[in-house]
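**Student:** What shape does this take:
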Amino acid sequence: MAQIDVSIWRGKSVLVVDDYQAVRKTIKELFAIVGLKVSEASNGVEALEMLNAEKFDLIVSDLVMAEMDGFELTETVKNNPRLRAIPLVILSTHADYKYIFKALRLGADDYLIKPPTTEMVNIVLARVFSHEW
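**Tutor:** Next up, the predicted model:
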């Protein structure tokens, strides 16, 4: 596999949305290694509050969460003119094509299966940060 230039995303800000603190911690550590600034939200409602208060370069969201799940968050973000340009990646244990297609149909820019490998995270980051969003 070709070497990925991680410098293209160094310093970018990511909002990680997951209801499990241990998952947020793991993802935060993966992203921090490559120089991303990571903020955390425990559900979609909290994420929207943060998105209205701060600027983020990427959203990574779980699907199954209380209050507002990842599908609802994706749809809300992608239907908001101020937020829709932010790449949104779903990170879920659901590997069934029905979940993947639904997330992509609602506007998700990519879909990762938990637990993500460093290689898969790097590939997704290279894809979302190498485009003009």
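
**Student:** pLDDT weak spots in this protein?
**Tutor:** Counting by pLDDT under 70, the ranges of the chain that qualify are 1-7, 131-133.

**Student:** rerun that using 80 as the cut-off
**Tutor:** For the chain, the stretches flagged by pLDDT under 80 are 1-10, 130-133.

**Student:** What segments of it are helices?
**Tutor:** 21-33, 44-53, 70-78, 97-105, 118-129 (DSSP state H).

**Student:** Leu112: how many residues sit nearby?
**Tutor:** Around Leu112 there are 17 other residues, counting by other Cβ atoms under 10 Å. Every residue, glycine included, has its C-beta placed from N, CA and C.

**Student:** mind listing what the residue lying closest to it once chain neighbours are set aside touches?
**Tutor:** Taking Cβ to Cβ, 6 or more residues apart in numbering, and ignoring the residues beside it in sequence, Leu112 has Leu91 as its nearest neighbour in space, at 4.7 Å. By Cβ atoms under 8 Å, 6 or more residues apart in numbering, the contact set of Leu91 is Asp18, Ile27, Val60, Ser61, Asp62, Leu112, Ile113, Lys114, Pro116.

**Student:** Ok, Asp69 next?
**Tutor:** Residues in contact with Asp69 (Cβ under 8 Å, 6+ apart) are Gly44, Leu63.

**Student:** separation between it and Thr118?
**Tutor:** The gap separating Asp69 from Thr118 is 27 Å, by Cβ to Cβ, to the nearest Å.

**Student:** Glu72 versus Leu125, what's the distance?
**Tutor:** 24 Å.

**Student:** Among the contacts of Leu91, pick out the one closest to Ser42, please.
**Tutor:** For the contacts of Leu91, the minimum distance to Ser42 (Cβ to Cβ) is 7.2 Å, reached by Asp18.

**Student:** State the number of residues packed around the closest one.
**Tutor:** Asp18 is flanked by 26 other residues according to other Cβ under 10 Å.

**Student:** Nearest residue to Lys12 in space, please, no chain neighbours.
**Tutor:** Asp57 (4.0 Å).

**Student:** related to what we said a few turns ago, could you dump the contacts of Leu91 into a markdown table with distance to Asn43 added?
**Tutor:** Listed next are the contacts of Leu91 as a markdown table, based on distance: Cβ to Cβ, whole Å:
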| residue | distance to Asn43 |
| --- | --- |
| Asp18 | 9 |
| Ile27 | 15 |
| Val60 | 14 |
| Ser61 | 9 |
| Asp62 | 9 |
| Leu112 | 19 |
| Ile113 | 21 |
| Lys114 | 17 |
| Pro116 | 20 |
